[in-house]
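# fold the stuff below for me.
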Amino acid sequence: AFCELRVVPTIMAEVDQKSREQAANLIRLYYAQLTEGCKRPGCRSEHCASGLLSGKELLKDEALKSCFVLAQQSGTRALCIKPPMAAFLQAKDALTATQDTGAVCASISSILQSPASVAEAFSSSKDDTPAIDIENVRTFYSIIAQADDAVQQHLLQAYTALAEHLAQSRAAAAAYPIANLTAVVVLFENPLLMNDSYYDDAMPALFRATRGLPDTAIGKLTLWWATYEPAELQVIVRAVQQFITIHILMTSSSTERYLINKDLPVEPAIYSLKQLFDANNLRPDDKPSMPSSAFRNDAIDEHVEGQADYLLWVDPRPGYFSLCSYPFLLSAQGLFDLLSAENQDQQRESINPLEALVHGRAVMYLRLRVDRAQVVRDAITQLGGISSEDPRQLRKRLRVEFRGEDGIDEGGVQKEFFQIIFRNLFDPDYGMFVYDQQTRLHWFNKSSVENPVEFKLLGVIIGIALYNNVILDIHFPKVVYKKLMDYQPLDLDDLAEVDPGLARGLHQLLEYDKEDLPEAFGLTFCVEFDEFGVTKTVDLCENGRNTPVSQANKQEYVRLYAKYFLEDSIARQFSAFKEGFKLVVGGSEVIKQFVGPDELELLLVGTQDLDLLQLRSHTVYDGYSDTHPVIQWFWEIVARMSDEEKRNLLTFSTGSERVPAGGLAKLKFVIVKQGSDSDRLPTAHTCFNALMLPEYASKDKLQKLLLTAITHAEGFGML
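Below is the predicted model:
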């Protein structure tokens, strides 16, 4: 006991000595900050010569006095550069002078020793949560990235140890240390994450640490990342994406039967990517953000198995995960695969075993038998009957037969059926739709006298096309897809896509700020339009035609006008159209959960990504080979085509300028030899995506006749 008492003063003396040293160092740091500044551009500290004190020269005594006050009242909070970071910068200067890495490595170890030490080194005086001085974090990593291999290797070791510590940390949400979240943010800032030395241990540990964050901490992390500019966020996204890609490629190449749903090490990385995706979507609408495509991953897309993923989504199993938990990753093809898997599952439940035994595979198909001369009437009759009896039958694979014509529908007959249906229903003379030459879009004809059953048929046909992975050559504005998916409210931007001139006029009304607005515009709360030679007037509100538009009510006028144009005026037509569409897809949880307006448009009409090199690599030849001179000339000509000419070629050969979801590789394009050299123009069988080329004698002749054919041909079809 006597020995223990003698030790106490010694320990206390050491503590007092350490405290005095820390206090003296704190005062020195404040003095340097007040007199020399932190040297950081954009500093806004009122206690820094580089900040709000810039241009003000403090006397030595005044600076010393301020140092003592700041050290006593603020501790390290008012320091632009905290003591651990200051020590690191001093070690960096020593490294430059002596090439001795010891001090820098020791400083790295000190900073990354624990979440608390990270928070101490990079804390900010701002009220953010987490409160991180991100500029100091990036300076820290930038210095190390320029140092030699020994320093970078030491960082990797310290980084991995801290990431493993965080990954193993399990605390209840209420007790989760904010320092842990700070450390996660700091670890994600490391630009060296792109180096493969981080793939084995460091990054997996970091992703597990992120996966283990409680919901409250995840929310704070997402909100923190939402403050990043797109270029800043992109650095982290690229690192995560690269890890996912390399991990999948390496794992799948060394696994006989690779199933991504069972690759549990990659799931925390995907989870981290989701937080970045959510952060990107939290940015205000008036701020730039990254495109959604930046968060999709080709390696994941290549290994998605719709059937397995769907089953794991509806019936989770230990040791597996479903990509349905991360719908932002799903491409249009991935969504279609999920839709098909869901449909197969539902069809299995609906099929009568006895009927299947008697009719075999025939029960798996929706069969239509139509007369070519009256396709619309036959389709209405047959689909109407099926809709009434059992709408689930509409989701089966479609098989079409034209009366009096032999042949099995292997896709070509089905495609021709869709072409004829849409050519009829969208014909301006038919009266269901109006076509705008400026926007090249169709819109519902508010004056249509057609029976609503025909709009309902159109909705049913579009739903059937969706379940058959048919890309349609329809030209709707995006607002149609928003209305189909119940997205509200609609606004002036939606109107601008349908009628740009009308939208411009309404914008001018909103921008007009003079009090003589009623006299200048002469508007009342009504809409006038011509219908079959008769001027009609529709009130937008009670007694609207007698209510002048003024500065006080112009916002309401514009809202009601847009609502009338986009909703009220076509309510009868669109309601029937939507009813038919929902009749087919209404029971799909995949569509409810994962498909929005953009995804629906992509599934139905594809894209305009004209990557014809991709088309070439997947083209099939009949009578030619890929080395034949005519084929070589053809692709050389295509490579020099303008985008408009490429669209014309696609329309001429396939019936549509649109590209299937998944790209031109999904097109099944065929080039067929059509006899020897002649002066005939190339022809096409759009039902089979087949281009017929004679064996022309020269490249010039091929180019002249091909361009003539695709420029002067008119097509209305679909893939």
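# leaving out sequence neighbours, find the closest residue to the residue nearest to the spatial centre of the chain.
With distances taken as Cα atoms, centre = their mean, the residue of the chain nearest its centroid is S292 (2.2 Å). Excluding the flanking residues, the one nearest S292 by Cβ to Cβ, 6 or more residues apart in numbering is F328, at 6.6 Å. All C-beta spots, glycine's among them, are computed from the backbone N, C-alpha and C.
# now swap in I461 and tell me
Closest to I461 by Cβ to Cβ, 6+ apart is I421, at 5.9 Å.
# confirm that neighbour sits in a strand?
No: with DSSP: H, G, I helix; E, B strand; the rest coil as the criterion, I421 is helix rather than part of a strand.
# what's the pLDDT at it?
I421 is assigned a predicted lDDT (pLDDT) of 90.
# that one and Q374 touch, don't they?
No: the criterion here is Cβ atoms under 8 Å, and I421 misses it with Q374 at 11.5 Å.
# for those two, indicate the residue with more neighbours.
I421 (19 against 13; other Cβ atoms under 10 Å).
# and that one, how far from F688?
As judged by Cβ to Cβ, to the nearest Å, I421 and F688 stand 18 Å apart.
# again with L472
Between L472 and F688 the computed distance is 17 Å (Cβ to Cβ).
# point out where the stretch 351-500 of the chain drops to low pLDDT.
Across the stretch 351-500 of the chain, the ranges flagged by pLDDT under 70 are 351-363, 406-411.
# what about the helices in it?
Taking DSSP state H, counting those that start in this stretch, the helices of the stretch 351-500 of the chain run over residues 353-359, 375-389, 412-425, 452-467, 478-484, 492-498, 500-511.
# could you dump those to a markdown table with distance to S340?
Listed next are the helices of the stretch 351-500 of the chain as a markdown table, based on distance: least, Cβ to Cβ, whole Å:
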| stretch | distance to S340 |
| --- | --- |
| helix 353-359 | 19 |
| helix 375-389 | 20 |
| helix 412-425 | 16 |
| helix 452-467 | 8 |
| helix 478-484 | 20 |
| helix 492-498 | 31 |
| helix 500-511 | 38 |
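# V672 is nearest to which of the ones you listed?
Closest of these to V672 is helix 412-425, at 13.6 Å (criterion: Cβ to Cβ).
# that closest one: how far from the chain's middle?
Its chain's C-alpha centre and that of helix 412-425 lie 32 Å apart, by Cα atoms, centre = their mean, to the nearest Å.
# can I get it as CSV, trimmed to CA atoms?
The C-alpha trace of helix 412-425 is given here as CSV (Å, rounded to 0.1, in the frame of the first residue of the first chain):
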residue,chain,number,x,y,z
GLY,A,412,-43.2,-12.5,-87.1
VAL,A,413,-47.0,-13.0,-87.3
GLN,A,414,-47.4,-11.5,-83.8
LYS,A,415,-45.3,-8.5,-84.8
GLU,A,416,-47.4,-8.0,-88.0
PHE,A,417,-50.6,-8.1,-85.8
PHE,A,418,-49.3,-5.3,-83.7
GLN,A,419,-48.3,-3.3,-86.7
ILE,A,420,-51.8,-3.5,-88.3
ILE,A,421,-53.5,-2.7,-85.0
PHE,A,422,-51.5,0.4,-84.3
ARG,A,423,-51.5,1.6,-87.9
ASN,A,424,-55.3,1.5,-87.7
LEU,A,425,-55.8,3.0,-84.2
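# ok, M692 - contacts?
Counting by Cβ atoms under 8 Å, 6 or more residues apart in numbering, M692 touches V672, Q674, P682, T683, A684, H685.
# list the buried residues of stretch 576-586.
Neighbour counts using 16 or more other Cβ atoms under 10 Å place A576, F577, K578, E579, G580, F581, K582, L583, V584, V585 of stretch 576-586 among the buried residues.
# how near is the residue nearest to the centre of the chain to V118?
Separation of S292 from V118 (Cβ to Cβ): 32 Å.
# and what of V375?
69 Å.
# neighbour count: those two, which is higher?
More crowded of V375 and V118, by other Cβ under 10 Å: V118, with 25 against 21.
# spatially nearest residue to that one, not counting backbone neighbours?
A183 (4.5 Å).
# helices of the stretch 151-300 of the chain, start to end?
Secondary structure of the stretch 151-300 of the chain (DSSP H, counting those that start in this stretch): helices located at 178-188, 202-211, 215-225, 230-253, 267-281, 298-303.
# mean pLDDT lowest for which of those helices?
Out of the helices of the stretch 151-300 of the chain, helix 298-303 stands lowest, with a mean of 90 (criterion: mean pLDDT).
# so what touches the very next helix or strand once past that one?
Per DSSP states H and E, helix 298-303 leads on to helix 306-314 as the next helix or strand towards the C-terminus. Outside helix 306-314, the residues within contact range by Cβ under 8 Å, 6+ apart are 259, 261, 320-325, 334, 336-338, 340-342, 344-345, 590.
# hmm, which of the residues you listed are the buried ones?
Among the contacts of helix 306-314, those scoring as buried are 261, 320-324, 334, 336-338, 340-342, 344, 590 (criterion: 16+ other Cβ under 10 Å).
# thinking again about what came up before, what's the PyMOL syntax to select whichever of the contacts of M692 are buried?
Entered in PyMOL, the line below selects the buried ones among the contacts of M692, by 16+ other Cβ under 10 Å:
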select buried, resi 672+674+682+683+684+685
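# by pLDDT, give me the weakest of the contacts of M692.
For those, the pLDDT minimum is H685, 86.
# what's opposite that residue in the beta bridge?
A690 (DSSP bridges).
# what secondary structure does A552 sit in?
What three-state DSSP gives for A552 is coil.
# number of nearby residues for it?
Neighbours of A552 under the rule other Cβ under 10 Å: 8.
# what about it, distance to L517?
9 Å.
# before we move on, what about D309?
Taking Cβ to Cβ, one finds D309 at 57 Å from L517.
# out of the two, which sits in the more crowded spot?
Using other Cβ under 10 Å as the criterion, D309 and L517 rank with D309 on top: 23 against 19.
# quick one: the strands in the stretch 601-719 of the chain?
620-622, 670-673, 683-685, 690-693 (DSSP state E, counting those that start in this stretch).
# among those strands, which is nearest I637?
strand 690-693 (11.2 Å).
# OK, contacts around the residue nearest to M692 when sequence neighbours are not counted?
Closest residue to M692 apart from its sequence neighbours, by Cβ to Cβ, 6+ apart: Q674 at 4.1 Å. By Cβ under 8 Å, 6+ apart, Q674 lies in contact with R680, P682, T683, M692, L693, P694.
# do the same with I143
F88, L89, K92.
# work out for me the element it sits within.
Assigned by DSSP H and E, I143 falls in helix 134-145.
# C-alpha coordinates for that helix, PDB please?
Extracted in PDB, the C-alpha atoms of helix 134-145 (Å, rounded to 0.1, in the frame of the first residue of the first chain):
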ATOM      1  CA  ILE A 134     -14.300  17.500 -45.300                       C
ATOM      2  CA  GLU A 135     -11.600  19.800 -46.700                       C
ATOM      3  CA  ASN A 136      -9.100  18.600 -44.100                       C
ATOM      4  CA  VAL A 137     -10.100  15.000 -44.800                       C
ATOM      5  CA  ARG A 138      -9.300  15.400 -48.500                       C
ATOM      6  CA  THR A 139      -6.100  17.200 -47.700                       C
ATOM      7  CA  PHE A 140      -5.000  14.300 -45.500                       C
ATOM      8  CA  TYR A 141      -5.600  11.700 -48.200                       C
ATOM      9  CA  SER A 142      -4.200  13.900 -51.000                       C
ATOM     10  CA  ILE A 143      -0.900  14.200 -49.100                       C
ATOM     11  CA  ILE A 144      -0.700  10.400 -48.600                       C
ATOM     12  CA  ALA A 145      -1.600   9.700 -52.300                       C
END
